[in-house]
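K.L.:
Kindly generate the corresponding structure for this input.
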Amino acid sequence: MEEIVKLEGDVLWIQVPRELDHHNCGAIREAADQMLLQHPVREVLFDFAGTEFMDSSGIGVIVGRYKNIKCFGGMVSAIHLNERIRKIFLLSGLTKMITIYEQEA
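P.N.:
Numbers count the residues shown, from 1 in each chain. Now for the predicted structure:
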């Protein structure tokens, strides 16, 4: 099984799967929350490099990690958003809470 989360310094990287829906949100939620409890994390970074689909369950996972790390003064960010995922972030209001790192051309 592919590694879902990894810790690099104080950044928790979450490699988002091809489809972020109710089928795989539980595993991401559990792995991320376990790392947040065990390590001093300052940033949760969602990497959408291979993601093609995200539904409301995916939005819930992101918002939940935002609420968890906000209590500790941390932040949530995202990288490698394709046009579809970027539109979901915009329409759902995630862009108001989460830093989006732009890809370099």
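K.L.:
if we look at the sheet, which residues does the residue nearest to the spatial centre of the chain bridge to?
P.N.:
Centroid check for the chain by CA atoms, centre = their mean gives Phe46 as the closest residue, at 3.2 Å. The partner list for Phe46 in beta bridges (DSSP bridges) reads Ile14, Ala78.
K.L.:
Hmm, Val16 and it touching each other?
P.N.:
Yes. In this structure, Phe46 is within contact of Val16 by CB atoms under 8 Å, at 5.6 Å. Placement of C-beta: from N, CA and C, glycine included.
K.L.:
Could you check how many residues crowd around Asp76?
P.N.:
For residue 76 the amino acid is Val, not Asp. By the criterion of other CB atoms under 10 Å, Val76 has 23 neighbours.
K.L.:
Please give the three-state secondary structure assignment for it.
P.N.:
strand (DSSP: H, G, I helix; E, B strand; the rest coil).
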